[in-house]
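got a structure for you, letters missing:
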């Protein structure tokens, strides 16, 4: 049963593996030979036809006939390891997967299969704003000022398995980060498209990219770090290191020409009140208050023990001051 779908999905997986030029699948021929392993087609048929949202654990079952050929089973299991492994792709200095060398081949294979199957899911399931993203098409973003950066964002989003990371997070952590990020993106784009329809000059690529990436830094926070504070910093780092800080200013301390915006003041709980005083977003190389604040926050230092200057300028990079 489902032989046509099995052949189609197998060919898509082979193409995706060959494109990465992985050691175990240097070309499509080698990839197809790997996918002829007994059990692959039988396990894949269990998921077909796709009539509901897939679980990462189910996709892992599809890969079980092949994974032993590539790597031993990680101590914490394949799903937890792949979650750590993708985080290490996003943040190599985070030391999330110090054991990556031993299991990398298996992780790459699983993540590729997961990505292909989630593409298939997306093609047949109704859109869910808390589960997926409706990104702009090339025709929509090519005329945007931030179109080139947006295209770069989409490429990194896919090649670094960011969406797959979010889906894995639903199953291996107690957090629902995907629902939040996808929901924010949906609301932001609904509002942006409404403004555009009303004649407002708005850059849809900037809105989409900023909304979809606004919390990616949560995946860069290490154990013991204060996620509510430091995820802003890691989001900034991910964007800047992929050259998405100029000219559209997706990140808070992008190094392009500064732009002015109203500053805001507020308490540590985030209450903000507008101020007419303009502010200038500094470059990453001139962010001493940010560096001081992140170090104090990571150490658990409260604002009451920090200097008055530091506590007042903590979040100036985002357009408001914390006191």
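Perfect, I can see it now. Not measured: the values here are computed from a predicted model.

got a list of contacts for the strand or helix carrying residue 111?
Assessed by DSSP states H and E, residue 111 sits inside helix 100-124. Contact partners of helix 100-124, identified using C-beta atoms under 8 Å, 6 or more residues apart in numbering, comprise 9, 12-13, 16-17, 20, 22-25, 47, 49-51, 53-54, 56, 59-60, 62-63, 66-67, 70-72, 74, 78, 81-82, 85-86, 88, 132, 158, 161, 163-164, 167. To be clear about C-beta, it is placed using only N, CA and C from the backbone, and glycine gets the same treatment.

Restricted to helices, list the residues you listed.
Counting by DSSP state H, the contacts of helix 100-124 place 9, 12-13, 16-17, 20, 56, 59-60, 62-63, 67, 70, 78, 81-82, 85-86, 88, 158, 163-164, 167 in helices.

still on that earlier bit, what average pLDDT does the helix holding residue 111 get?
For helix 100-124, mean pLDDT is 97.

And for residue 179, nearest residue in space, chain neighbours not counted?
Among residues not flanking residue 179 along the chain, residue 130 sits closest, at 4.3 Å (C-beta to C-beta, 6 or more residues apart in numbering).

mind checking how far that neighbour is from residue 217?
Residue 130 is 20 Å from residue 217, where distance means C-beta to C-beta, to the nearest Å.

Compare neighbour counts for these two and give me the winner.
Under the criterion of other C-beta atoms under 10 Å, the comparison of residue 130 against residue 217 puts residue 217 first, with 22 against 12.

need the contact list for that one.
By C-beta under 8 Å, 6+ apart, residue 217 lies in contact with 230, 231, 232, 233, 234, 235, 236, 237, 238.

Dump those residues into a markdown table; add secondary structure as well.
Shown next, in a markdown table, are the contacts of residue 217 (DSSP: H, G, I helix; E, B strand; the rest coil):
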| residue | secondary structure |
| --- | --- |
| 230 | helix |
| 231 | helix |
| 232 | helix |
| 233 | helix |
| 234 | helix |
| 235 | helix |
| 236 | helix |
| 237 | helix |
| 238 | helix |
